[in-house]
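Chemist: quick one, what's the 3D model for this:
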Amino acid sequence: APAKVTLAGREGMKEGYMGPYELSAEPAHGYPRYSKRAAGGKTHWLYRSSGTGKWVATDDEGRIAFNAGGIRSARAAALPTEAGLAWTYHDGKALHDDPKMTCTEG
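Modeler: Below is the predicted model of the structure:
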């Protein structure tokens, strides 16, 4: 797994999830887990859902157990940096596609 990945492209709602994530020592659901420091001393997490195999970003480590989060990949992938992987965000009511969003290595 890459040591660092970068989520980019989201503007407005959920924009705070964008930025570089570093590989965590502790995996989630048997797959790599990434974290980044966010504003106000918070941590954001990027992990693979055990239910769907989609990659999910959350600002609450406790939500990883429930496969919950406000950003997610549009389909299952072994790594969040998989070529052509599309991303979505949740506005509190529904998921929306964001064709500008990407996750790249480094």
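Chemist: what's the pLDDT at residue 19?
Modeler: pLDDT recorded at residue 19 is 97.
Chemist: what is the neighbour count of it?
Modeler: By the criterion of other Cβ atoms under 10 Å, residue 19 has 13 neighbours. (C-beta placed from N, C-alpha, C; glycine too.)
Chemist: and what of residue 24?
Modeler: Neighbours around residue 24, by other Cβ under 10 Å: 15.
Chemist: show the backbone phi and psi for residue 74.
Modeler: The phi/psi pair for residue 74 (degrees, to the nearest 10) reads phi -80, psi -20.
Chemist: from residue 52, how far off is it?
Modeler: 10 Å (Cβ to Cβ, to the nearest Å).
Chemist: can you tell me how far the most centrally placed residue in the chain is from residue 64?
Modeler: Centroid check for the chain by Cα atoms, centre = their mean gives residue 57 as the closest residue, at 3.2 Å. Distance of residue 57 to residue 64, computed by Cβ to Cβ: 10 Å.
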